[in-house]
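Enquirer: need a 3D model of the following:
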Amino acid sequence: MKAAVLTKFGKPENAFEIKEVPNPTINNGQVLIETEGFGLNYADIMAVQGDYEDCPPLPAIIGYDVVGRIKETKGDVGDLKIGDRVTALTRFGGYAEFVAAESSGCAKIKEEVLTGKAMALTTQYSTAYYCINEVANCKKGDKVLIQAAAGGVGTALVQMALKIGCEVFGTCGSAEKIEYLKEMGVHHPINYKTQDFFEIIKKEVGDYGLDAVFDAIGGSSAKKGFKLLGSGGTLVLYGAASMTDTNIFGKLGMVAGFGLYHPVQFMMSSKGIVGVNMLRIGDDRPHVLKRCLTAVVSMLDENKIDPKISKVFKIEQLVEALNYLKDRKSMGKVSVLWKY
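Expert: Predicted coordinates:
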């Protein structure tokens, strides 16, 4: 099979070789998927730069979400069978024509669902579902802040928060993305490059504060978000996009920007911070991942969510696709196709 193999850390232009490698073998409880393509995530950018500690030793095949058709099963894989079209969360290995995946990380999808939409369900919509329903436990009337609201997980969080009946504050970094947020129905779209999101939200919510903050940026963004929480509020961290700054001083500044916290501080203020990594959930709580993935597929089937396709690239455009994501041009899911 062909795979895009990460051979060295650095810029995407010099990091990959597309070459023939052996097909993966599967273990009990796994399926072998012939992929239509794979999705891109910010964790990919961090892995390429050498900043993602979970990345396998080089040379490695990275990638976390794929769409394709099951070609082989082994052991108990539930109701999955050969020939099923599925979307799947993988533990790396996604940048390949064939992928081994745990059955708990797979869900059947309808034939008519576009590859790009289906691709968003695993990493991004499952992450959003877990964050908003199982971690923050958002309810109708809650006031929530979604940082990077035009991104993949951000888009999913916006749609789910609005469906619940939350009042949504959403940040982004361009006028074009502001229009995107308005079209989705965000009540308070904020361009963080030209506006101070902290001051705007503080003025709007006052002493009551926010019920939940969802942050994929990290650093000072997270620190300000925590300050905006009201009693009983939760800051949910599911990424650190500011780590994609390749300058060492920028990375150190991001880490310092988070601030220092003590457990007594959480107790006295009745606020919390929770980190989310769906790969860890998939590894250690596969039934939770399955529950989230099943839920978002049902929501798609019932037209309760509408995954947005930012852009679809050909495999020959992998470098362009990674830079497109890294430069924060995306609004929705970015995917790469083997077949088109």
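
Enquirer: next up, the contacts around the closest residue to residue 186 other than its chain neighbours.
Expert: Distances taken as C-beta to C-beta, 6 or more residues apart in numbering place residue 170 nearest to residue 186, at 4.2 Å, with adjacent residues excluded. Just so you know, the C-beta spots here come from the backbone N, C-alpha and C atoms, and that holds for glycine as well. Residue 170 sits next to 145-146, 149-150, 154, 158, 181, 186, 188-190 when contact means C-beta atoms under 8 Å, 6 or more residues apart in numbering.

Enquirer: using the three-state scheme, assign residue 170.
Expert: In three-state terms, and counting by DSSP: H, G, I helix; E, B strand; the rest coil, residue 170 is strand.

Enquirer: report the separation between it and residue 144.
Expert: With distances taken as C-beta to C-beta, to the nearest Å, residue 170 is found 9 Å from residue 144.

Enquirer: check residue 226 too.
Expert: 14 Å.

Enquirer: does the residue nearest to residue 186 have beta-bridge partners, and which?
Expert: Taking DSSP bridges as the rule, residue 170 bridges to residue 146, residue 189.

Enquirer: now do it against residue 147, distance only.
Expert: Counting by C-beta to C-beta, the gap from residue 170 to residue 147 is 8 Å.

Enquirer: can you list residues touching both of the two?
Expert: residue 154.

Enquirer: ok, what's across the strand from residue 107?
Expert: residue 87.

Enquirer: find me the pLDDT at it, would you?
Expert: With respect to pLDDT, residue 107 scores 96.

Enquirer: I'd guessed residue 34 sits against residue 97; true?
Expert: Yes - the criterion here is C-beta atoms under 8 Å, and residue 34 meets it with residue 97 at 6.7 Å.

Enquirer: so for these two, which residue has more residues nearby?
Expert: Using other C-beta atoms under 10 Å, the more surrounded residue of residue 34 and residue 97 is residue 97, with 22 against 17.

Enquirer: measure the more buried one to residue 63 for me?
Expert: Computed as C-beta to C-beta, the residue 97 to residue 63 distance reads 12 Å.

Enquirer: likewise residue 48?
Expert: 11 Å.

Enquirer: so which of these two has more stuff around it?
Expert: Neighbour totals were compared for residue 48 and residue 63, and residue 63 leads with 27 against 24 (other C-beta under 10 Å).

Enquirer: for stretch 189-198, give me every contacting residue.
Expert: Identification of contacts with stretch 189-198 by C-beta under 8 Å, 6+ apart yields 145, 149, 169-175, 177-178, 181-182, 200-201, 224, 227-228.

Enquirer: quick check: which ranges of the protein have low pLDDT?
Expert: Across the chain, the ranges flagged by pLDDT under 70 are 240-262, 268, 340.

Enquirer: could you chop it up by domain?
Expert: What automatic domain parsing lists as the domains of the chain is 2-123+279-337, 127-278.

Enquirer: what about the last one, start to end distance?
Expert: In this case it means domain 127-278. The straight-line separation of the ends of domain 127-278 (C-alpha to C-alpha, to the nearest Å) is 6 Å.

Enquirer: now do the longest one
Expert: By C-alpha to C-alpha, the extent of domain 2-123+279-337 from end to end equals 12 Å.

Enquirer: the one helix or strand residue 230 maps to: which residues count as buried?
Expert: Following DSSP states H and E, one finds residue 230 within strand 229-237. Residues 229-230, 233-237 are the ones in strand 229-237 that count as buried (16 or more other C-beta atoms under 10 Å).

Enquirer: and the strands in the stretch 51-200 of the chain?
Expert: In the stretch 51-200 of the chain, the segments counted as strands under DSSP state E, counting those that start in this stretch are 65-74, 85-89, 98-102, 106-108, 143-146, 167-172, 188-191.

Enquirer: any idea which of these is most buried?
Expert: The highest mean neighbour count among the strands of the stretch 51-200 of the chain, using mean count of other C-beta atoms under 10 Å, belongs to strand 143-146: a mean of 28.

Enquirer: and that strand, what other elements does it pack with?
Expert: helix 152-164, strand 167-172, helix 197-205, strand 210-215 (3 or more C-beta pairs under 8 Å, 6 or more residues apart in numbering; DSSP states H and E).

Enquirer: now the longest one: buried residues?
Expert: Read it as helix 152-164. The neighbour-count check on helix 152-164 (16+ other C-beta under 10 Å) flags 152-162, 164 as buried.

Enquirer: tell me which two in the buried residues of strand 229-237 are the farthest apart.
Expert: Spanning the widest gap among the buried residues of strand 229-237 are 230 and 237, at 18.1 Å by C-beta to C-beta.

Enquirer: tell me the contacts of residue 68?
Expert: When contacts are counted by C-beta under 8 Å, 6+ apart, residue 68 touches 33-36, 85-86, 88, 99.

Enquirer: widest-spaced pair of the residues you listed?
Expert: Spatial extent of these (C-beta to C-beta) is set by the pair 85 and 99 at 13.8 Å.

Enquirer: leaving out sequence neighbours, find the closest residue to residue 77.
Expert: Using C-beta to C-beta, 6+ apart, the nearest residue to residue 77 is residue 103, at 3.8 Å.

Enquirer: got the contact list for residue 169?
Expert: So residue 169 contacts 143-146, 186-188, 190, 197, 200-201, 204, 210 (C-beta under 8 Å, 6+ apart).
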